[in-house]
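> Quick check, what structure comes out for this input:
(chains A, B, C and D)
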2 protein chains.
Amino acid sequence: MALGKDYVTQECSIARALEVVGERWTLLVVRDALYGVRRYNDFLVHLGIPRAVLAARLQTLTSEGILEKRRYQESPPRDEYVLTESGIGLWPTLRSLGLWGREHVSGVKLREFRHALCDTELGPYGECRVCGTIVPVPDVVMVPGPGLDPDPADPVSKALLRPKRLLEPLVTEPV
Amino acid sequence: MALGKDYVTQECSIARALEVVGERWTLLVVRDALYGVRRYNDFLVHLGIPRAVLAARLQTLTSEGILEKRRYQESPPRDEYVLTESGIGLWPTLRSLGLWGREHVSGVKLREFRHALCDTELGPYGECRVCGTIVPVPDVVMVPGPGLDPDPADPVSKALLRPKRLLEPLVTEPV
DNA sequence: CAGGGTAGGTTCGGTCACTGAACCCTTGAC
DNA sequence: GTCAAGGGTTCAGTGACCGAACCTACCCTG
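Just a heads-up that it's a prediction; the model follows:
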């Protein structure tokens, strides 16, 4: 946590959670990972985060068991960062935070989330209104909403314009 | 937001939300407000936050429309900080963040939340399993869980040991 | 009416996280 | 041999956060 200080007096699960994911950028890294971003460089260009900070976040998220670093090719050695179960568990939090931001801060719908099996838009708790069940994260499809810039500058944002399932690895166009 | 920098490149409701509530201490102030804390001094002793930071947070939260500052006595002039509708809208986020912290960080159940009308423990989305509805925040009762220290040092934590509804103003024992 | 207590701040020097830019290493392609 | 790309590390500067001290307005008590 920021300043090396924990919320030491707080006997509270929310405080414990914030000690892990409450630093600047951390939740945005997790969000990108949910959207399918896996590579250092993709996080870098999409978030506009300083390299040193990204390296630090990826390392703490890995050591906290939220991301898993895994080698996907040997030569040259390349690693990718994939969400663990614990990391996927942050989906409801990010979902409700996003809804709150849309409703009380930005006022614009930038993305929609739908149930892959029946194409119904999710309710506020990530449930499918038609099927009446909580939709598992891999069955959530993200599609761009009306407020989203149709021609973004960076290739990661471009790739995220295409409807895709959460967690499904992002493929960026080779420049 | 920290360092005067917003998440400027991010076209995303989550980023917008974090610009408002993503600073250190901010979400804990909102949590305390949900628990019924209203006064400067109660926030201070309960959070263990530096006075200057608390003053700054209360001011930004007020100007962002999440808290409302209101005079509750004239002489001496005293103000209290009460959640607005927008602030209450953060309940689902805090609820899911707390659940995640309990499940993936602390592992201990510190508090329980129940439906006031039927005394059923809430489900993960703040719904009542018996009534089948989302419980409005004022109808949520908070009761201490098994893992909570039964004899805390500060009077605010003491007062929070008694079951009470969310938002209901906290009354601290006069020392 | 002096002294003490309380609520709600502001000020201030020091520390530490974040920032942006530059540099480094390994590998593969030309 | 040279270049580019991916994935980092290093480093000086800035500014948020830290704790402690100080300030103000009002009330109560002797």
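> all strands of chain A, in order?
A:67-73, A:78-83, A:111-115, A:140-144, A:164-165 (DSSP state E).
> would JSON lines of these with distance to B:C118, mean pLDDT and mean neighbour count be doable?
(Glycine included, C-beta is placed from N, CA and C.) Output for these, formatted as JSON lines (distance: least, C-beta to C-beta, whole Å; pLDDT from 0 to 100; neighbours: other C-beta atoms under 10 Å in any protein chain shown):
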{"stretch": "strand A:67-73", "distance to B:C118": "40", "mean pLDDT": "93", "mean neighbour count": "13"}
{"stretch": "strand A:78-83", "distance to B:C118": "36", "mean pLDDT": "95", "mean neighbour count": "18"}
{"stretch": "strand A:111-115", "distance to B:C118": "30", "mean pLDDT": "97", "mean neighbour count": "18"}
{"stretch": "strand A:140-144", "distance to B:C118": "32", "mean pLDDT": "97", "mean neighbour count": "18"}
{"stretch": "strand A:164-165", "distance to B:C118": "38", "mean pLDDT": "97", "mean neighbour count": "16"}
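> would you list the ones you listed in CSV and tack on distance to A:P50?
Compiled in CSV, the strands of chain A are given as follows (distance: least, C-beta to C-beta, whole Å):
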stretch, distance to A:P50
strand A:67-73, 18
strand A:78-83, 17
strand A:111-115, 26
strand A:140-144, 27
strand A:164-165, 28
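> can you list the ones you listed in JSON lines and add distance to DNA strand C?
Listed next are these as JSON lines, based on distance: least, C-beta to the nearest atom of the strand, whole Å:
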{"stretch": "strand A:67-73", "distance to DNA strand C": "9"}
{"stretch": "strand A:78-83", "distance to DNA strand C": "9"}
{"stretch": "strand A:111-115", "distance to DNA strand C": "23"}
{"stretch": "strand A:140-144", "distance to DNA strand C": "25"}
{"stretch": "strand A:164-165", "distance to DNA strand C": "28"}
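> These: which one's closest to B:D6?
strand A:111-115 (19.1 Å; C-beta to C-beta).
> Which residues does the closest one contact?
Residues from elsewhere that reach strand A:111-115 (C-beta atoms under 8 Å, 6 or more residues apart in numbering or on different chains): A:95, A:98, A:120-122, A:126, A:128, A:130-131, A:135, A:139-145, A:148, B:12-13.
> Among the residues you listed, which lie within helices?
A:R95, A:G98, B:S13 (DSSP state H).
> Now, of those, which are buried?
Neighbour-count burial (16 or more other C-beta atoms under 10 Å in any protein chain shown) applied to the ones in helices among the contacts of strand A:111-115 gives A:R95, A:G98, B:S13.
> Those residues into CSV, with extra columns for pLDDT and distance to B:Y40?
Output for these, formatted as CSV (pLDDT from 0 to 100; distance: C-beta to C-beta, whole Å):
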residue, pLDDT, distance to B:Y40
A:R95, 97, 33
A:G98, 97, 31
B:S13, 95, 31
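> Out of these, which comes closest to A:L167?
Distances from A:L167 to those, taken by C-beta to C-beta, are shortest for A:R95, at 14.0 Å.
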